[in-house]
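Asks: Just the structure for this:
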Amino acid sequence: MAVSSSLSFFCYEQTLEGCGCDVSGSHGGISMLAKPTAYIGKTIKVDGFDGKLDGCNIKEAILRSTGLCINSSSWTGIPDHCRFSFALESSEFERAMGCIVRFKELVLGSKAFHQINGN
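Replies: Numbers count the residues shown, from 1 in each chain. The predicted structure follows:
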C-alpha cells in the first residue's frame, strides 16, 4: 500500500527540515527539492567515501552509509539542492525516513535536531 501523497509530503518535509535541510517550496508531485544546508562542508568517512560533503557528493555519502539513493545537485542542476522522491510503498517510505535520520546522526550527531531547531 502506498503512502498518501499529502501525508508523505508532510512527513518528508518535516523529516528533512528536522535533519538540517532547507526544503524548497513544493506544490504536490512525488518528490521535493531540499538544500542539505547543515551537511555542506562537513567531513565524513564511511564505506568507501571519505571527504567533505557538497551538493554533488552527498548522494554517494548517503547511499554508502544508509543505502538510500537521492538525486544530487548534479542531477537537479541547482547548486547544492538535492531531489528526494517519496513515491514509495509505505514500508519503503518508513525505511527512507529512517535513512535520513540515520545520516543526520552519523554526520551531525544525535543531538543535532535540537541544535538545528534552536532548542
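
Asks: what's the average pLDDT for the longest helix anywhere in the chain?
Replies: Criterion DSSP state H: the longest helix present in the chain is helix 90-108. The pLDDT scores in helix 90-108 average 90.

Asks: elements contacting it?
Replies: helix 5-18, strand 43-46, helix 58-66, helix 112-116 (3 or more C-beta pairs under 8 Å, 6 or more residues apart in numbering; DSSP states H and E). The way it works is simple: take the backbone N, C-alpha and C, and place the C-beta from them, glycine included.

Asks: ok, now with 6 Å
Replies: helix 5-18, helix 58-66 (3 or more C-beta pairs under 6 Å, 6 or more residues apart in numbering; DSSP states H and E).

Asks: contact partners of the shortest one?
Replies: Outside helix 58-66, the residues that touch it by C-beta atoms under 6 Å, 6 or more residues apart in numbering are 36, 44, 46-49, 53, 68-70, 72, 99, 102-103, 106.
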